[in-house]
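Undergrad: pasting the sequence and the predicted coordinates here, then a few questions.
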Amino acid sequence: AAASHVPQRRRVASRAMSAEAPPGVAPADEPAGLKAAAVAEMVEEATVWCAVHGLVVGDRAEPRSGTVPGVGLVHAPFSLFPTRFPASFWKQACELAPIFNDLVDRVSLDGKFLQDSLSKTKQVDDFTSRLLDIHAKMMEVNKKEDIRLGLHRSDYMLDSETNSLLQIELNTISSSFPGLGSLVSELHRTLLNQYGKALGLDSKRIPRNWAATQFAEALGRAWAEFNNKSAVIMMVVQPEERNMYDQYWLINHLKESHGVKTIRKTLAQVEAEGQILPDGTLVVDGQTVSVVYFRAGYSPNDYPSEVEWGARLLMEQSSAIKCPSISYHLVGTKKIQQELAKPNVLERFLDNKEDIAKLQKCFAGLWSLDNEEIVKSAIEKPDLFVLKPQREGGGNNIYGHDLRETLVKLHKEQGEALAAYILMQRIFPRASLTHLVQGGVCFEDLTISELGIYGAYLRNKDKVVMNNQCGYLMRTKVSSSNEGGVAAGFAVLDSIILT
Ligand SMILES: Nc1ncnc2c1ncn2[C@@H]1O[C@H](COP(=O)(O)OP(=O)(O)O)[C@@H](O)[C@H]1O
Ligand SMILES: N[C@H](CCC(=O)N[C@@H](CS)C(=O)NCCC(=O)O)C(=O)O
Ligand SMILES: [Mg+2]
């Protein structure tokens, strides 16, 4: 997001800029304990590090940056230093990963629970309705997914009001940034190895981040379970993808460390080039597909025509391992997040009482709009809530004044439209002053952060081949911005230093 829209954001002099602040921008305060010249030196080191280590994204300014690899790259937006994070909450977040992995798998097997929980949403939300149709078709033919691969990211914020770690959402499709997120941790370790003393920050307190290698490991192990040496992995991508380098990091690890070939295809290409053999094998562009790894297909924008829906159905009907399957995809909807937070629901899927308690401890308030009392208090105090449609990818939530307006309108209509949304308690992380680097320039701003923990789950019939936490993503955004999202342009990539 261009700095211009954030008036209070201040530029910190960087070598790229003359010492005096440009016209119209107040000269930044000296960063805590740091001279502007020292910051400029670190910014230069960091941006060079990004370029030579592939911590890069496509540059909006270059029209071909989302389609032609190697053209129009810019360093990924990042924070100059890691954000402090209490070790106790880090440990709690990591422990939750395998439990959430197990929960997703158990819930995915209860097709009736998924259909029933989403039945009212189905009436008013076409996108979710189409996903449910595909799921229903699989149930009709009793389709079994013996081999199941989940590559999830559970996102949390530290709520300063209650001093607790609360889950924002669980992503079960296209959990992005395992590649770039890992690199930011390495960037910060490198910077603190050199400047840590002056800053009083110990690089060894930055947790190692294996997200990229472990996601590649999970994909490689799934390919092995499919047990066809000539098969490829297929990554389903959007026609334009400025985050392609995050995806290529996984493709590269798969080739270098697992000897597995990956092809990248859009949904339209899958429909045009794909077919299912009599034995169920998915063949695309003449190649047998072992694993379908979705990095698209999570948003209505990915289905501009019936062609894309045809592709989604074709893949679902095949024997390829879908990551995620349609069931895993539905488990990750916000409506299911809200249903699982109801009393006595987790007990239907998990046996271990301690695990159930650990999950419930990180649940924020989550309600359907049937709850009149909550809707009333949300209309009275809209800033204490977030209104969420069943959408992924950032930029879809409703806050504050708009939240009140929407609820008043929906309430008056008393129609089924209420079922398209869930209401969530708004979480208030403590803000801190951060150096953000975008487009080679360093800004100082008040920010809040969101910690995503990656989890990988691989099962073949009764054998759980993998179930672990693998790395993390820290995203930091200006505290005045309601929405988040690096791809959406609101947040920068960060890492954590344990306190
Ligand atoms: N309960 C909440 N409290 C505070 N901020 C929230 C809350 N829920 C979402 N957000 C903000 O909105 C962003 C997007 O919400 P999220 O539920 O992650 O939707 P999406 O699936 O589009 O990423 C989050 O990254 C976070 O910045
Ligand atoms: N362009 C696609 C982006 C895929 C995407 O938006 N994924 C959602 C979960 S569904 C997500 O992880 N959002 C957090 C990352 C952010 O802050 O931008 C990709 O990279 O493959
Ligand atoms: Mg999100």
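TA: Ah, there it is. Ligands and ions are numbered 1, 2, ... in the order given.

Undergrad: next one: Thr213 from ligand 2, what distance?
TA: 18 Å (C-beta to the nearest ligand atom, to the nearest Å). C-betas here are computed from N, CA, C, even on glycine.

Undergrad: hang on, that residue in a helix?
TA: Yes. With DSSP: H, G, I helix; E, B strand; the rest coil as the criterion, Thr213 is located in a helix.

Undergrad: number of nearby residues for the residue nearest to Ser479 when sequence neighbours are not counted?
TA: By the measure of C-beta to C-beta, 6 or more residues apart in numbering, the closest residue to Ser479 outside its immediate chain neighbours is Ala431, 4.1 Å from it. Number of residues near Ala431 (other C-beta atoms under 10 Å) recorded here: 15.

Undergrad: in contact with Ala431: list those residues for me.
TA: Ala431 makes contact with Leu446, Thr447, Ile448, Ser479 under the criterion C-beta atoms under 8 Å, 6 or more residues apart in numbering.

Undergrad: so which elements touch the host helix or strand of Gly471?
TA: With elements taken from DSSP states H and E, the one containing Gly471 is strand 463-478. Applying 3 or more C-beta pairs under 8 Å, 6 or more residues apart in numbering; DSSP states H and E, one finds that strand 463-478 contacts strand 83-85, helix 87-108, helix 178-199, helix 211-226, strand 432-438, strand 441-460, strand 491-494.

Undergrad: any residue of that strand touching ligand 2?
TA: Yes. Using C-beta under 6 Å from any ligand atom, strand 463-478 reaches ligand 2 at Arg475.

Undergrad: got the buried residues for that strand?
TA: Residues 465-478 are the ones in strand 463-478 that count as buried (16 or more other C-beta atoms under 10 Å).

Undergrad: quick one: strands adjacent to it?
TA: Using DSSP bridges, strand 463-478 pairs in its sheet with strand 441-460 (antiparallel), strand 491-494 (antiparallel).

Undergrad: redo the ones you listed as JSON lines? Include mean pLDDT.
TA: Below are the strands paired with strand 463-478 laid out as JSON lines (pLDDT from 0 to 100):
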{"stretch": "strand 441-460", "mean pLDDT": "96"}
{"stretch": "strand 491-494", "mean pLDDT": "96"}
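
Undergrad: any regions of the stretch 151-300 of the chain where pLDDT drops low?
TA: Counting by pLDDT under 70, the stretch 151-300 of the chain shows no low-confidence range.

Undergrad: interface residues of it facing ligand 2?
TA: Residues of the stretch 151-300 of the chain lying near ligand 2 (C-beta under 6 Å from any ligand atom): Asn171, Ile173, Ser174, Ser175, Ser176, Phe177, Glu241, Asn243, Asp246, Gln247, Arg295, Tyr298.

Undergrad: strands along the stretch 201-350 of the chain, start to end?
TA: 232-236, 262-265, 274-276, 282-284, 287-294, 321-323 (DSSP state E, counting those that start in this stretch).

Undergrad: what lies in contact with the fifth one?
TA: Yep, that's strand 287-294 we're talking about. 149, 151, 173-174, 219, 222-223, 226, 228, 230-236, 262-263, 281-283, 315, 318, 320-324, 329.

Undergrad: can you name the residues that contact Gln337?
TA: With contact set as C-beta under 8 Å, 6+ apart, Gln337 has these partners: Gln167, Glu169, Leu170, Leu366, Ile422.

Undergrad: of the residues you listed, closest to Ile496?
TA: Among those, Gln167 lies closest to Ile496 (C-beta to C-beta), at 16.9 Å.

Undergrad: and the closest one, bridged to which residues?
TA: The partner residues for Gln167, given DSSP bridges, come to Tyr156, Phe363.

Undergrad: roughly how far does it sit from ligand 2?
TA: 14 Å.

Undergrad: would you agree that residue is in contact with Ala364?
TA: Yes. Between Gln167 and Ala364 there is a contact under C-beta atoms under 8 Å: 6.7 Å.
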